[in-house]
Structures are given as structure tokens and as C-alpha cells.
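**Student:** requesting a structural model of the entry that follows:
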Amino acid sequence: MKTPVVRVVIAIGVVALAVAGTALAAKPKVGPPPPKLFGAVGTTKQVSLKDSHGKLVVRLKPGWYTLTISDASANQRFRLTGPGVNRSTGGPFVGAAIWGVNLRKGTYRYQTVGRRNATRTFSVVVKHR
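**Tutor:** Numbering: from 1, shown residues only. Below you'll find the predicted structure:
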């Protein structure tokens with residue numbers, strides 16, 4: 001027969017394990033950060049969208065991306081349009097903007113918006129070559 005002290009110690013241990021298990025199970029599962037893309041619009045008719053290796057974006061896989069835009073012109077804006085996305089930097093905005101974008105299958109267009117427009121496109125495909 002166990003003494004009351006032993007029973008209390010066992011009960012405290014069981015409760016502590018249950019609380020610890022619940023705390024571990026309640027932690028959100030965090031995956032790797034989304035891939036980064038870098039957009040730029042210059043003071044002239046320049047626009048670019050590059051991946052983290054500095055290569056122009058032509059084709060991407062679907063999913064979430066972090067897009068950092070460097071806007072060097074108060075007269076031009078960076079605009080991204082495509083399936084479920086229609087965003088642009090503000091009117092006389094000059095600086096950096098960071099967007100989280102969920103790119104789905106389809107064709108996207110990024111362009112300068114202002115007096116002189118430059119447009120480029122890229123595709124989001126399920127099978128990435």
C-alpha cells in the first residue's frame with residue numbers, strides 16, 4: 001500500500017506530464033520562410049523581378065512568396081497583377097515595400113505605372129522545370 005505522500009508525488013508527476021504534453025502539442029508548426037523575390041522600379045522605364053539568386057523571374061511554383069519592392073521613382077509605381085493578385089506601390093511613394101503574395105497557377109504581369117510603362121510577365125506552373 002502506498003503512502004499518501006507517494007500518491008501525491010505520483011499525481012503531481014502525472015499532471016506535470018499532461019501539462020507539458022499539451023503545451024508541446026499546442027505549439028504551432030512553423031515551416032521554412034517563404035521564398036524571397038525582389039522587384040524594382042527605377043526613375044526611367046525600368047522594371048525587374050528577380051529571385052534570391054539575382055535571376056529574372058520567368059517561371060515559379062505556386063505558393064507564398066515574400067516580395068520586396070525597391071521603388072526609386074516618385075513618378076513610377078511597381079504593379080503586380082495576376083490570378084488573385086492586384087497590388088501596386090503608392091502614388092508618390094519612394095522607398096521599399098514588403099508584400100506577402102500567394103501566387104497561383106497562371107500568368108502574372110509586373111509593370112511600371114506612370115508616364116512611361118514597361119511590362120514583363122512570368123508564369124506560375126504546377127510542374128517547375
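**Student:** count of neighbours near residue 10?
**Tutor:** For residue 10, the neighbour count with other CB atoms under 10 Å is 11. Every C-beta, even on glycine, is put in place using the N, C-alpha and C of the backbone.
**Student:** for residue 113, give me its contacts.
**Tutor:** 76-79, 88 (CB atoms under 8 Å, 6 or more residues apart in numbering).
**Student:** partners of it in the sheet?
**Tutor:** residue 77 (DSSP bridges).
**Student:** please report how far it lies from residue 3.
**Tutor:** 79 Å (CB to CB, to the nearest Å).
**Student:** kindly report the same for residue 71.
**Tutor:** Taken as CB to CB, the span from residue 71 to residue 3 is 74 Å.
**Student:** and what of residue 50?
**Tutor:** From residue 50 to residue 3 the distance is 71 Å (CB to CB).
**Student:** mind jotting down where the strands sit in this protein?
**Tutor:** 36-41, 47-51, 59-60, 63-71, 77-82, 85-88, 95-103, 106-113, 119-124 (DSSP state E).
**Student:** now for the nearest residue to residue 108 once chain neighbours are set aside, how many residues are close by?
**Tutor:** Residue nearest to residue 108 in three dimensions, not counting chain neighbours: residue 82, with 3.2 Å by CB to CB, 6 or more residues apart in numbering. Residue 82 sits with 19 neighbouring residues when counted by other CB under 10 Å.
**Student:** so what's residue 82 bridging to?
**Tutor:** Bridge pairing for residue 82 - DSSP bridges - gives residue 85.
**Student:** quick one: contacts for it?
**Tutor:** Counted by CB under 8 Å, 6+ apart, residue 82 has contacts 103-104, 106-109, 124.
**Student:** just flag the most distant two among the residues you listed.
**Tutor:** Farthest-apart pair in the contacts of residue 82 is 104 and 109; separation 14.2 Å (CB to CB).
**Student:** low pLDDT regions in the protein?
**Tutor:** Within the chain, the stretches with pLDDT under 70 are 1-2, 5-9, 11, 13-28, 115-116, 128-129.
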